[in-house]
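> have a look at this fold, sequence not included:
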C-alpha cells in the first residue's frame, strides 16, 4: 500500500513535468519562488539520493545535488533541459522501483544507511519504510506547489 | 511509522495555521488561488470526514463541507474565524488520534466504509491503512502550498 502511494505520486509528478514545454519549465510556482525546472530537478536529485540511503548501491547522478539541493534556485546555472530531466527522472525512478521490488517485508524494516547501529537500536523507526513514507510526503508537498501553475 | 508520518504532518500544519493572524489567513497562496483560511478549513473538513470513513462514528462538523469541500473558495461566505478553526482542528484531530490508538494492526487492513464487500474482495488495498497514507499525502500536498506564503 505504501508502494502504491509512492508510485501514484511518482507517476503524477513525472506526468505533470513531462507535459511542460522548456519555456513553461522556467515559470515560477509563485512570484519570487522556485521555478518548475528547479523543483523537478530537486525531486529527481532527492530520488537519486535514496539509492545509497536505502542500500541499493551508488548514486546514478550525484551531479544533481549542486544544482538542485545544496544551492537554491538560480544560484547555479542549470545545464539540464526538460528533455534531459525527463530521461534522468525515468532512469532514477525505474532503478528505485526495481530495487523496491526485490525487498521483502523485513527488509523494509531494516535500518537505512544514514543511521548508526546504536541509534537504530534506540530508534527502530529509522528504517527503509520510514524513508519511503517521508519521501512520498515530500513528493506530494512539492507536487501541490507545482500544480498551482496549471491554467496560468 | 505511518501514524508517525500522519502526526508529523498534522502537527506542522496545525502549528503553521495557528500562528497566523485573522488578516494573514485571508492571504492567497498564490495570485488568484485559494486563500489560507479556505485551505485550513478544507483540511479540517477532510479530517472530519475520515471519522465515518474509518468507522469511528458520526462526523463532528459536517457543516464544514459546504464551506470547504463542495464549494470552491469564495463561493460561500465563511462564518468561521481563525480562532474557531483552530478549535475545530484540534477537536477533530484529537478525536482521530484517540480512535487510531484503539486500532490493532489487522483493524488497519479492514475495509473502509465507502467500499462494498464485493469490491473489497477484489481490491483488498481499499482499507483503512490506504486512507491514512492518502490523507497524509493530501496534507503534505496542501502544506507545500501554504508554506509559499511564508516570508511574504
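That came through fine. In this text, all values refer to a predicted model and were calculated from it rather than measured experimentally.
> write out the residues of chain A neighbouring chain B.
Residues of chain A lying close to chain B (CB under 8 Å from any CB of the partner chain) are A:1-2, A:4-5, A:9, A:29-31, A:33, A:125, A:127, A:129-130, A:133-134, A:136-145, A:148. Yep, even glycine has a C-beta here, placed from its N, CA and C like the rest.
> of those residues, buried ones?
Buried members of these, scored by 16 or more other CB atoms under 10 Å in any protein chain shown, are A:1-2, A:5, A:9, A:29-30, A:33, A:127, A:129-130, A:133, A:136-145, A:148.
> now go through those and say which are in helices.
Within those, residues falling in helices by DSSP state H are A:2, A:5, A:9, A:129-130, A:133, A:136-145.
> apart from its neighbours in sequence, what residue is nearest residue A:130?
Among residues not flanking residue A:130 along the chain, residue B:1 sits closest, at 5.0 Å (CB to CB, 6 or more residues apart in numbering or on different chains).
> show me the shaky parts of chain A.
A:152 (pLDDT under 70).
> so what's residue A:63 up against?
Not one residue lies near residue A:63 by CB atoms under 8 Å, 6 or more residues apart in numbering or on different chains.
> swap the cut-off to 10 Å and go again
A:45, A:48, A:79, A:80, A:88 (CB atoms under 10 Å, 6 or more residues apart in numbering or on different chains).
> again with residue A:17
A:24-25, A:36-37, A:39-41, A:43-44, A:82, A:85-86, A:89, A:143, A:146.
> repeat that for 8 Å
Counting by CB under 8 Å, 6+ apart, residue A:17 makes contact with A:25, A:36, A:40, A:82, A:85, A:86, A:89, A:146.
> that one in helix, strand or coil?
Following DSSP: H, G, I helix; E, B strand; the rest coil, we place residue A:17 in the helix state.
> tell me the spacing between it and chain B.
15 Å (CB to the nearest CB, to the nearest Å).
> now swap in residue A:106 and tell me
The gap separating residue A:106 from chain B is 14 Å, by CB to the nearest CB.
> then residue A:94?
22 Å.
> for residue A:92, same thing?
Going from residue A:92 to chain B by CB to the nearest CB gives 20 Å.
> from the contact counts, what lies against the strand or helix carrying that residue?
According to DSSP states H and E, residue A:92 maps onto helix A:82-101. Applying 3 or more CB pairs under 8 Å, 6 or more residues apart in numbering or on different chains; DSSP states H and E, we find helix A:82-101 packed against helix A:2-18, helix A:36-53.
> if anything else comes up later, I'll come back, but that's it for now.
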